[in-house]
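Visitor: just to be clear, the model below is a prediction. Sequence and coordinates:
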Amino acid sequence: MSVAQIIREIESVDPHLDTSVVDRAYAFAERAHQGQKRSSGEPYITHPTATALTLAKMRVDLNTIAAGLLHDVPDDTPYSLKDIETEFGPDIANLVRGVGKLGKLKFRGVERYVENLRKMFIAMARDMRVVLIKFADRLHNLKTLDALPEEKRERVARETLEIYAPIAHRLQMGDLHAKLEDISFQYLYPTEYQWLQNLVSHRRTEKERYLEKVQKRVERELTRNQIPYLSVHGRAKHLYSLYRKLLSRDRDITKIYDLVALRIIVKNVQDCYACLGLLHNLYRPLKGRIKDYIAQQKPNGYQSLHTTVFCDDGEIVELQIRTEAMHQEAEFGITAHWNYEERGTMPTDKRLRWVRDLLKFQRAIPDNRQFLDTLRLDIFQNRIFVFTPKGDVIELPEESTPIDFAYHIHTEIGNKCNWAKVNDEIAPLETKLHSGDVIEIFMDRNRKGPSVDWLKFVKTTTAKQKIKAHTKQRLFERLKNLVTRPTVAA
Ligand code: MN
């Protein structure tokens with residue numbers, strides 16, 4: 001691995017770019033790390049080089065790639081941040097400083113976990129590129145974990161699984177997310193990993209062979225019906241996500257329909273629907289498993305048509321239909337449309353709204369444990385997607401209720417919520433919602449406020465906070481009334 005590989009990667013996309021900053025950063029890093037070795041015995045420079053290559057593949061701007069090369073210089077070498085700033089200017093120096101800050105953790109245990117998360121979110125809100133460098137850094141560290149003592153291996157793998165992977169997932173960086181999880185899984189739960197490997201290998205090959213036949217037939221039909229396609233290919237579910245799904249299905253692999261799915265990439269949205277129609281004509285769809293994430297995309301931006309069908313011989317197969325742009329976005333998330341020439345912080349993306357919301361929360365909740373509960377509930381828990389009667393998508397944690405939905409829309413709607421309809425039927429306020437439900441809230445304008453009992457079943461932090469705040473306020477007013485009300489003679 002060398003700087004030439006990084007330059008080649010950049011030039012394969014844009015041959016006219018002036019890449020001298022990358023060359024200079026490499027020369028600087030090589031000089032700074034001279035004589036240093038990784039635990040594996042390799043020259044240290046291999047690590048920043050691999051980090052920068054990952055970044056080049058993400059097509060981040062050249063300053064970020066340069067910062068990837070320099071990221072360990074201030075910590076481990078005679079050169080300081082000041083030297084980097086003098087040589088490369090403030091933007092690159094700030095990126096390196098940001099990465100360094102993420103690595104310095106004071107606490108242990110839960111405190112450390114929360115501190116780590118807080119730092120990640122603050123960095124993300126300030127400059128997303130810092131977190132991307134950290135991802136690339138972590139990916140290479142994971143790939144070279146073998147060289148570390150067991151205790152350290154476990155810590156790095158656990159931290160990746162608990163912090164880095166969920167964040168990558170939330171940023172819809174599908175490719176990175178899968179890599180981070182699968183490598184960590186292997187180190188953290190070696191026995192389970194081996195069990196799954198054995199369980200899957202045979203079945204997966206079988207299924208892949210079967211899908212090849214389906215693929216040929218689908219390609220033939222698409223051509224015959226003049227629907228141009230860019231690719232039809234099988235995609236294997238990554239191991240850790242398969243593992244999690246298996247745990248929720250009594251470890252029964254026959255209950256997993258998307259072990260290998262067939263992915264069809266077409267030119268435009270119209271063709272997506274044409275393709276779906278064609279395939280449903282060919283294969284009978286399973287009830288309730290057609291998902292139109294194109295018309296109603298997931299809030300993090302994911303788009304595709306999903307359906308599960310009975311193929312020949314009754315074999316069940318999941319089909320995913322999308323355009324090339326949707327495909328890029330699903331694999332590379334927020335970095336999908338970036339290019340090497342963009343400067344400064346990346347444009348604030350609609351998909352980063354949750355980061356800003358979270359930071360507001362973290363200021364409001366100084367207590368670490370409470371903050372952690374918020375995260376567990378609102379960020380890392382599985383999400384469901386439900387709809388307003390007008391068809392707007394609302395994302396909520398699993399097991400949310402109509403009350404959570406109401407508070408998500410507006411505080412007043414929550415406070416005055418009287419009854420609800422779920423899918424056109426009257427439903428109790430504690431009903432657990434499912435993805436795809438349409439919820440309609442009916443208010444009573446005269447209602448004094450939320451019921452304390454709601455606290456027993458609401459799931460979101462917003463709802464809990466609002467209910468508590470309102471209850472406190474009412475209690476306060478009642479007390480005040482009690483004190484100031486003129487006594488009436490009996
Ligand atoms: Mn590093």
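Guide: Looks like it came in fine. Numbering: from 1, shown residues only.
Visitor: remind me which residues of the protein are low pLDDT?
Guide: Counting by pLDDT under 70, the ranges of the chain that qualify are 110, 299-300, 339, 341-351, 353-354, 357-358, 361-366, 368-369, 371-383, 484-490.
Visitor: try it again with 80
Guide: Applying pLDDT under 80 to the chain picks out residues 1, 104-115, 118, 125, 248, 297-301, 334-385, 391-395, 435-436, 476-490.
Visitor: ok, the nearest residue to residue 222 once chain neighbours are set aside - contacts?
Guide: Spatial nearest neighbour of residue 222, chain neighbours left out: residue 229 (5.1 Å); criterion: CB to CB, 6 or more residues apart in numbering. C-beta coordinates here come from the backbone N, C-alpha and C atoms, glycine included. Applying CB atoms under 8 Å, 6 or more residues apart in numbering to residue 229 gives the contacts 219, 222, 264-267, 271, 275.
Visitor: so which of these are in helices?
Guide: Taking DSSP state H as the definition of helices, the contacts of residue 229 contribute 219, 222, 271, 275.
Visitor: by neighbours, which of those residues wins?
Guide: Taking other CB atoms under 10 Å as the neighbour criterion, residue 275 ranks highest of the ones in helices among the contacts of residue 229 with 24 neighbours.
Visitor: so what touches whichever strand or helix holds residue 385?
Guide: In the assignment (DSSP states H and E), residue 385 maps to strand 383-387. Strand 383-387 is contacted from outside by 296, 298-299, 393-398, 400, 405, 433-439, using CB under 8 Å, 6+ apart.
Visitor: just the buried ones from those?
Guide: With burial judged by 16 or more other CB atoms under 10 Å, the buried subset of the contacts of strand 383-387 is 298, 394, 396-397, 400, 405, 433, 437, 439.
Visitor: can you lay out these as a markdown table showing distance to residue 190?
Guide: Shown next, in a markdown table, are those (distance: CB to CB, whole Å):
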| residue | distance to residue 190 |
| --- | --- |
| 298 | 33 |
| 394 | 40 |
| 396 | 36 |
| 397 | 31 |
| 400 | 36 |
| 405 | 42 |
| 433 | 38 |
| 437 | 40 |
| 439 | 44 |
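Visitor: show me the contacts of strand 383-387 that map onto helices.
Guide: The helices, defined by DSSP H, take in residue 405 from the contacts of strand 383-387.
Visitor: doesn't residue 105 fall inside a strand?
Guide: No - counting by DSSP: H, G, I helix; E, B strand; the rest coil, residue 105 is not found in a strand; it is coil.
Visitor: surely it and residue 116 touch.
Guide: Yes - judged on CB atoms under 8 Å, residue 105 makes contact with residue 116 at a distance of 5.9 Å.
Visitor: tell me which of these two has more neighbours.
Guide: The residue with more neighbours, out of residue 105 and residue 116, is residue 116; 18 against 14, by other CB under 10 Å.
Visitor: ok, that one touching residue 104?
Guide: No - assessed by CB under 8 Å, residue 116 is found out of contact with residue 104, at 10.4 Å.
Visitor: what are the ranges of the strands in the protein?
Guide: All strands of the chain, identified by DSSP state E, fall at 229-236, 260-266, 284-285, 291-292, 305-310, 316-323, 383-387, 393-397, 417-422, 425-427, 439-443.
Visitor: who are the packing partners of the second one?
Guide: Yep, that's strand 260-266 we're talking about. When contacts are defined as 3 or more CB pairs under 8 Å, 6 or more residues apart in numbering; DSSP states H and E, strand 260-266 packs onto helix 190-224, strand 229-236, helix 269-282, strand 316-323, helix 324-332.
Visitor: so how far is that strand from its chain's centroid?
Guide: Centroid separation between strand 260-266 and its chain, computed with CA atoms, centre = their mean, to the nearest Å, is 21 Å.
Visitor: separation between residue 47 and residue 131?
Guide: To residue 131, residue 47 is 18 Å away according to CB to CB, to the nearest Å.
Visitor: so what's the residue count around whichever residue of the stretch 101-250 of the chain sits closest to the ion?
Guide: The minimum distance from the stretch 101-250 of the chain to the ion, using CB to the ion, falls at residue 137 (4.2 Å). A count of nearby residues for residue 137, using other CB under 10 Å, gives 23.
Visitor: my read: residue 145 touches residue 155, true?
Guide: No - using CB under 8 Å, residue 145 makes no contact with residue 155, being 10.4 Å away.
Visitor: which residues are there in the stretch 1-150 of the chain that come within reach of the ion?
Guide: By CB under 5 Å from the ion, the part of the stretch 1-150 of the chain that sits against the ion consists of 72, 137.
Visitor: the same query, at a cut-off of 8 Å, please.
Guide: Residues of the stretch 1-150 of the chain lying near the ion by CB under 8 Å from the ion: 47-48, 51, 71-72, 99, 103, 137, 140-141.
Visitor: ok, residue 336 - contacts?
Guide: 328-329 are the contacts of residue 336 under CB under 8 Å, 6+ apart.
Visitor: can you give me phi and psi for it?
Guide: phi -60, psi -40 (degrees, to the nearest 10).
Visitor: so it versus the ion, what's the distance?
Guide: The gap separating residue 336 from the ion is 25 Å, by CB to the ion, to the nearest Å.
Visitor: so who does the closest residue to residue 112 other than its chain neighbours touch?
Guide: Leaving out its chain neighbours, the residue that sits closest to residue 112 by CB to CB, 6+ apart is residue 105, at 5.4 Å. By CB under 8 Å, 6+ apart, residue 105 lies in contact with 112, 115-116, 119.
Visitor: where helices are concerned, which of these count?
Guide: Cross-referencing these against helices under DSSP H gives 112, 115-116, 119.
Visitor: thanks a lot, see you next time.
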